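Engineer: generate coordinates for the sequence data below:
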Amino acid sequence: MPHLLYNGGANLRVCPFFSQSEQRDAQASQQRWMLTWRWFEVGMSKARLHGAFMQIKVRNWRIRFCVLAIALGGALPCATLTVPGRAADAANSDDQSLTVRILEVSGRARLVETGKKTAINEKAVGRLIGNGASIETRGKGVVVLELYRGGPVIAVKPDSLIGIDEVSGIEGARSVRLNVERGCILGCVDRLGAASKFEIATPRGVIGIRGTVFEVCAEGLFRCYEGMFMAVVLPAVVHGAPPTFSVKGGNELDARKGVKEPTLKPINAEQIGKVFEEVKRFKVCERRKAK
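Structural biologist: Below is the predicted model:
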């Protein structure tokens, strides 16, 4: 049996004075030895990475999966890992910071994406949803949403249904359009730049937000608690050209069914106190960051 010279564990050399047949045998043995050594090295590397993986205590299973993929050879690039229905907005927007994020879920609620309804609970906090999705609350359920990273925060109030028609744009030129189909939303928006747009559509009118604490209801009740917003009452609600109202803090526009003409009036003190309790409870204004 030819003798093999061990050189640092990585290179094996055959003694030059061996015969030709001994050289061939030695080379075959060398190849088998090197293959065994390589598997040993890979196994040790995997073991070390697996140990590090087991010590990572994160709730996000996608991060854990990335680490495991690396430990198993890096065959799956983490950048391509997506979860169906969870990051739909990544395909709809060039800027992934414009993904709507669920901040809080209490009570009964469900998410509607591509026609599929999925019940959501507190485990959905942090979940990302995109354009075209809807949030429905039932009973006393409430869902709090961040419309884009560091941007406006809204609370979908009990027994409500809202659609996320559009969240797009870049820093300083955001475009947001929501559709309140049923119930009410409560929101807090910092003053927007001139190039930004924030609209809320309802069956009774369209609201243009500039910077305010507001409550918009599908039935046609539009309340401004701080700041100011513009409201256009739809032609189907009134005769002639759609009237435009400037609704300032402490006032509400009543364009509900049964009202002869849209009426602008002060909000009663009891209602103001009730809403600011909700603002405090859902941290609607605390959660958004100044831009």
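
Engineer: just the pLDDT for the nearest residue to Phe245 once chain neighbours are set aside.
Structural biologist: Spatial nearest neighbour of Phe245, chain neighbours left out: Ala231 (4.7 Å); criterion: C-beta to C-beta, 6 or more residues apart in numbering. Bear in mind the C-beta positions are built from the backbone N, C-alpha and C, glycine included. Here, the pLDDT recorded for Ala231 equals 96.

Engineer: wait, doesn't Ala231 sit right on Arg204?
Structural biologist: No - between Ala231 and Arg204 there is no contact under C-beta atoms under 8 Å: 9.5 Å.

Engineer: just to revisit the earlier point, after whatever helix or strand the residue nearest to Phe245 lives in, next one along is what?
Structural biologist: Following DSSP states H and E, one finds Ala231 within strand 221-233. The helix or strand immediately downstream of strand 221-233 is strand 244-248, counting by DSSP H and E.

Engineer: common neighbours of Ala231 and Arg204, please.
Structural biologist: Ala255 (C-beta atoms under 8 Å, 6 or more residues apart in numbering).

Engineer: so where do the strands sit in the stretch 151-291 of the chain?
Structural biologist: Ranges of strands in the stretch 151-291 of the chain, per DSSP state E, counting those that start in this stretch, are 153-156, 161-170, 173-182, 184-189, 197-201, 205-217, 221-233, 244-248, 251-254, 263-266.

Engineer: pick the most buried one from these.
Structural biologist: Of the strands of the stretch 151-291 of the chain, the one with the most neighbours on average (mean count of other C-beta atoms under 10 Å) is strand 153-156, at a mean of 27.

Engineer: partners of it, with directions?
Structural biologist: Here strand 153-156 has these sheet partners by DSSP bridges: strand 134-146 (antiparallel), strand 184-189 (antiparallel).

Engineer: list the buried residues of the first one.
Structural biologist: Neighbour counts using 16 or more other C-beta atoms under 10 Å place Ser134, Ile135, Glu136, Thr137, Gly141, Val142, Val143, Val144, Leu145, Glu146 of strand 134-146 among the buried residues.

Engineer: next up, phi/psi of the residue nearest to the last one when sequence neighbours are not counted, please.
Structural biologist: Read that as Glu146. Excluding the flanking residues, the one nearest Glu146 by C-beta to C-beta, 6+ apart is Arg101, at 4.6 Å. With angles defined as degrees, to the nearest 10, Arg101 sits at phi -120, psi 140.

Engineer: check contacts around Arg101.
Structural biologist: Contact analysis of Arg101 by C-beta under 8 Å, 6+ apart lists Gly126, Arg127, Leu128, Ile129, Leu145, Glu146, Arg149.

Engineer: return the subset of those residues lying in strands.
Structural biologist: By the criterion of DSSP state E, membership of the contacts of Arg101 in strands covers Leu128, Ile129, Leu145, Glu146.

Engineer: tell me the one of those residues nearest Ile185?
Structural biologist: Leu145 (9.0 Å; C-beta to C-beta).

Engineer: report pLDDT for the closest residue to Ala173 other than its chain neighbours.
Structural biologist: Excluding its sequence neighbours, the residue lying closest to Ala173 (C-beta to C-beta, 6+ apart) is Ala195, at 4.0 Å. For Ala195, the pLDDT comes out at 92.
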